[in-house]
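Asker: what's the 3D shape of this:
(chains A, B and C)
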Amino acid sequence: MPDLVSLTVDDRVVQVPSNTGLVEAALAAGVEIPVFCYEPRLGAPIGACRMCLVEIEGIPKLQAGCTLTAIEGMVVRTAATSAKAADGQESTLEFILANHPLDCPVCDKGGECPLQDLTFRYGPGRTRMTFPKVTFDKPIPVSPLIALDRERCILCYRCTRFSEEVAEDGLLIARNRGARSEIATFEDEPYRSVFSGNVIELCPVGALTSSMYRFDARPWEIQNVPTVCTGCATGCNVTATIREGKVKRILSRNHAEIDRGWLCDKGRFTYPHLLARDRITAPLQRGPKGLKEVSWDEALDAAEEMLREAEGAIVTALSGSETTEIAYALGRLLRGGVGAHSAVLPEATSDALEAFRLPLSAIAEAELVVVVGDDPVVERAPIVDLWLKEARRRGAEVVACSPTGTVQVAPGGSAALCQGISAAGNELGQRLRNADRAVLVWSGPGGGGGARIAELAHELGFEEKPGCGAFHLPVTPNGRAVAAAWSASADADETRPETISVLVVSGEDAAADPGVRALAEQAERVIVVTMFHELVGGWADLILPATGALERDGTTMNLEGRLQRLRRAVAPPCPDELAWISKLAARFDVEISPHASAVFAELSEHLFQDLSMDEIGLRAALPSRTAYEAPAPAAQPASVPEHGATELRLQRYRALISGPAVERVRELEFQRPEREVEISAVDARQRGISSGDPVLVRSNGTSIELRARVNRRLVEGIARVAEEHAADLHAVVEVVKA
Amino acid sequence: MTQIYERIRELRRKYPQSRSAVMDALRLAQTEHGGWLPPEALREVADALDVTPAYCHSIASFYDMYHLEPVGKHMVEVCTNLSCALAGAQAVLDAFAHELGVRPGETTDDGEMTLRAIECAGGCGRAPVVVVDHVYHEPLRPEDVPGLLQELRGRE
Amino acid sequence: MDANNPILLMAGTQEHDLTRLDEYRAVSGYKALERARALEPQAVMDEISAATLRGRGGAGFPMGRKASLLAKGTGKPTYLVINADESEPGAFKDRDVLRMTPHRLIEGCLITAHGIGSKSVFIYIRGEYAHEFDVMRDALEDARTAGLLGGVTIVLHRGAGAYICGEETALLESLEGQRGQPRPRPPFPPVNGLYGAPTQINNVSTIALVPKIIELGAAEFSKIGVPSAPGTAVFSLSGNVAEPGNYERPLGTTLRELIYDVAGGIAGGRELKAVIPGGSSVPVLTPAEIDTPMDYDSIQAAGSFFGSAAIIVVDDRCCMVQLALRAEQFYTHESCGKCTPCRVGTRWLVQLLTKIEEGRGDRSDLDLLEGVCDRMLGKSLCALGDFAVYPVASYLEKYRGEFEAHVDGHGCPFGGASSIEGTFAPIDQHAPNLAETVHA
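Answerer: Okay, here's the model as predicted:
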């Protein structure tokens, strides 16, 4: 606990911890020190904009307040009590405004603009600039998502510092010098980074704005709904901006432990999928002439008939993106009403992790972080990648054990690696045992949904240490709670029927999953709950329209094990799932409420110790750790496929910017994975392949042309391809120059 | 991989942190690319330093001695800062402009000479100062200009 | 050493080729290093402090005091960085040290490194000094071969053309491979400098004086110059003097002596009009003020600064408004762009001065000129923002009549005959967007 210091700001005495920055110290005294370039999340203050000029007693020159730390006995005077400081701040604004275009009437930032606000509070009343202002072509597309207006830019460097020091992508830079400085990308290439959208929120003026939101709304005619993103399992806290019943944009709502105010582009820009061209708004039933729109009564009749006839030979495929309530309600309906106990989830989740629970922010506090797993963290849970970078910047050692890590591990080798680390004499294991603050992260398929990493944490004695913990990064946003809710909805064993009479598919991810498609081919009839026609039009018998996450009330549990609330931002174009599940369930004598809070109350009794929905709050708390329960032992690991000298093992990975919702947002197209195959430098050399060469990737009759990319960090013997480009390729492939 | 990759990797070892080598690396790449830094030069430097081309561009564009547009085979730089101005630098600049048929900042059509005005070159005691291909000519008077150009052209 | 005209920094350069190691040794070169290495490091620094060696880079901060601020026990190495980025208009003294007596600089580096416990020296040489770099490189190689380095590495780093990189923290940024933009201070380089480690950063001439201080001893050294600023300085005289050049003289020599006795007076029999004593970045002095001794405190008392001791002499053929404009064009070209007042203010001043010079200004523009200067002064991230103000503000103050003549007469009173008429500035070579045409 740092010592307290006492200082005086504008004649108000205040006590703050000794390493508090002056801006925060002043705030504690109820005094505003205006800033533009200052943003603590971007690293050390740079003192560039000079907006924060204050007078410090004993120092003749005005000082940039944001660069100072509170010291015992400091006497600070801001514009409120110092004419000199007021003049300094007014000077800054006069200079900024001297070249700033009077764009307010057409600028998206108007009404929520720090420059406007500070000008009103501290700026000159009129301009003395009579010369022509600097002009640029405007707006320039920094990417399909972001528009840059160089005339409005005040060169606070927040965006370039974000690119360099937070996202560490080094793609958005300042070029030239002096008054000719401008923000740019290399060769005007699009700013291609999954974190790019954050610069829109960081920009204190209308220089970097969202292209999607351009001219769409004014701050005084919108409503803001606090909810949680379900694009991945991180569960970043967001605000949905609504105008006239439509989602206009998503902003970060800043949960200090989860996202720290950052948001990835998937979470930020996928909302237009709610208005996709092929969105299903009414039930569809397959008849002799193909799919036909039917009424809800007809649809529920058809569903009831199918379910009864199936006599329990029903399998339900869940996406893991349902709300907890929808999963529970489906369970009550199908398991309770029809005896359909068999379910398929995209991946397993393990409760053993609860003994090692930590907030994501603990990663930044760690001294040692070990990441294992086949998939890059940024593709699974991008904000976790930002936490890892923050940890490294603060001096932590981050050891990546993966196909491209500092410790190279072939795909599928993570479980064995974990065992190796826990073995006596292992150096890394010893360091983990000795550390006070160490974190393990499993990012990839397999591993028993976190079971293996929990076992390792247990072996290393992490339960005893509050600074040590473990995370598993699932592919589904709510998989753990969905599985638990389904489980809790009835008391019976789940056995897969030999033949599938009816396959119930819930959600887009299940509908797009090849494994589920394979089941659909076996099933006699298929009921699908989905948003998009194009996904299922070819093979579903009954299609019920689904709602999107922004249209739902309910709960979702993130990868920390934190339960958070979703709040309906806009009304869906079709009934909420709970509404028709309730109606359908009634036909099977199952009583389940159509209201999320009531459904939650029921499931909460089983799962969350009667926590009520209201108690979850706007910024949900992380539950405390539970006692360690050893998970089920590992299933027999799949044998590593043999491959000949000229062949490579195919590693598929699911890119972050992928999926049915993303595919329906054309502005995100450029962020989708390139049609590439990544191979190691050695493998490339052997095949005479250089980066950029067209190559053929083939196995057993399938041949796909992709561009080669040589990744010097990739382990030998592997060919990495994004899932959506890998089609029917087998586990072992040949890669040859096209 | 071009030859400069290895040379830049070598330059990195001069410093405790490899980014410090960027200025040397850009200078090297500029020489290899005919006196200026086309995008591919920036990519080469980025590759050898494990940084992004955008970062290299950001650094290169900050300094006066890196050229991001093509320049002539010869660079004629006339200082026009205070002391040289007081010594008559403008007449020297005018003489070059007249002889070469270009304005300051431009390159002759045959791609041979680029003429530009520069800020203080540190030769104020022997003003006016002209720097030709990094060699100082101090003082240089307007009447010396034709002879200097002749010598430059002859030196092939 | 001639007691009447002691030469310390450039000692031996007239008689010998001191780029050669054997010739440097012949004038007692590297003897001081030997002596220093036999002393405790603190003793070396005490001697430098006792000599009150004031930084010759411009600020005049005592070297010994700077070194005493170096953080200890950080677990990081201590670095010595030599600022050879000499780019101040009118200054060309460090250049002579580099090209004429490189070994004296090397010796100074090694003595200082010993004194502050550093094994790692970086010399940042401005990119334009290509010949000087070659000389240093060869001298360094000779020193290395002769076994003189004693485990200290000296890295020569070349700049690439940016005046701002002469600012200490901007130099460190540039050396680290970033854009050369200054850092906020605190923290100061002795605490957090190069690569976040404690760093002593000094000008070439400062460090190159260290061998003589060790050789003579602080007491002898202090007999030269003035008590507040002992020793000699190399004064760079340029502009309208008959014999421009570098002249090493004791601190405290007056401007009159330097201009008339040393540099031959005003060339061509013209009248002295103005003297800028410390490089373009300091306030101008009038002929009435040239009896001011050139030492840090005296010049400051006279309302200007010692700076780089780069004395620019202006005769009566020069329009002061044009001179102010030319100076301001330099500052806006060199502004790094990081902080608002300098980035915007320098450009605005250029626009205003252009308007006034072209005869399109009025009296209120003179007030505005003052107003913009006031709003820049003391508010920037680094001294460049102040340097950009001094020429304009001081010329306006001391030559106000000339400015008024421009606005009242709707044109330059020199009528096209000013000695710097039509001087083209590098900033005008950039795309027209920046050098805006100014409407009436």
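
Asker: for the residue in the stretch 301-450 of chain A positioned nearest to chain C, helix, strand, or coil?
Answerer: Closest contact between the stretch 301-450 of chain A and chain C, by C-beta to the nearest C-beta, is at residue A:395 (11.3 Å). Heads up, the C-betas are built off the backbone N, CA and C, glycines and all. Classification of residue A:395 using DSSP: H, G, I helix; E, B strand; the rest coil returns coil.

Asker: where does the chain have low pLDDT?
Answerer: Went with chain A since none was named. Low-confidence segments of chain A, defined by pLDDT under 70, are located at A:1-2, A:637-638.

Asker: my question was about chain B, not that one.
Answerer: Applying pLDDT under 70 to chain B flags residues B:1-2, B:155-156.

Asker: hmm, try it at 50
Answerer: B:1 (pLDDT under 50).

Asker: which positions in chain B make contact with chain A?
Answerer: B:39, B:42, B:51, B:52, B:53, B:54, B:55, B:57, B:58, B:61, B:62, B:63 (C-beta under 8 Å from any C-beta of the partner chain).

Asker: quick check: the fifth one vs residue A:53, distance?
Answerer: According to C-beta to C-beta, to the nearest Å, residue B:53 and residue A:53 sit 37 Å apart.

Asker: pick out whichever of the two has more residues nearby.
Answerer: residue A:53 (30 against 23; other C-beta atoms under 10 Å in any protein chain shown).

Asker: show me the contacts for the closest residue to chain B within the stretch 201-350 of chain A.
Answerer: Closest approach between the stretch 201-350 of chain A and chain B, counting by C-beta to the nearest C-beta: residue A:208, at 15.9 Å. By C-beta atoms under 8 Å, 6 or more residues apart in numbering or on different chains, residue A:208 lies in contact with A:142, A:146, A:147, A:148, A:149, A:159, A:183, A:199, A:200, A:202.

Asker: kindly state the beta-bridge partners for it.
Answerer: Here residue A:208 sits in beta bridges with residue A:148, going by DSSP bridges.

Asker: residue A:564 now?
Answerer: Applying DSSP bridges, one finds that residue A:564 bridges with residue A:556.

Asker: now do the contacts for it.
Answerer: Taking C-beta under 8 Å, 6+ apart as the test, what residue A:564 contacts is A:228, A:235, A:237, A:555, A:556, A:557, A:558, A:616, A:620.

Asker: could you redo the last one with a cut-off of 7 Å?
Answerer: Contact analysis of residue A:564 by C-beta atoms under 7 Å, 6 or more residues apart in numbering or on different chains lists A:228, A:235, A:555, A:556, A:558, A:616, A:620.

Asker: on that earlier part again, and which of the contacts of residue A:208 is nearest chain C?
Answerer: So of the contacts of residue A:208, ranked by how close each gets to chain C (C-beta to the nearest C-beta), first place is residue A:183, at 11.4 Å.

Asker: on the three-state scheme, the closest one is what?
Answerer: Strictly by three-state DSSP, residue A:183 counts as strand.

Asker: looking at strand pairing, list the partners for it.
Answerer: Under DSSP bridges, the residues paired with residue A:183 across the bridge are residue A:174.

Asker: so how far is residue A:172 from it?
Answerer: From residue A:183 to residue A:172 the distance is 7 Å (C-beta to C-beta).

Asker: any residues in contact with both of those two?
Answerer: Counting by C-beta under 7 Å, 6+ apart, the residues touching both residue A:183 and residue A:172 are A:159, A:160.
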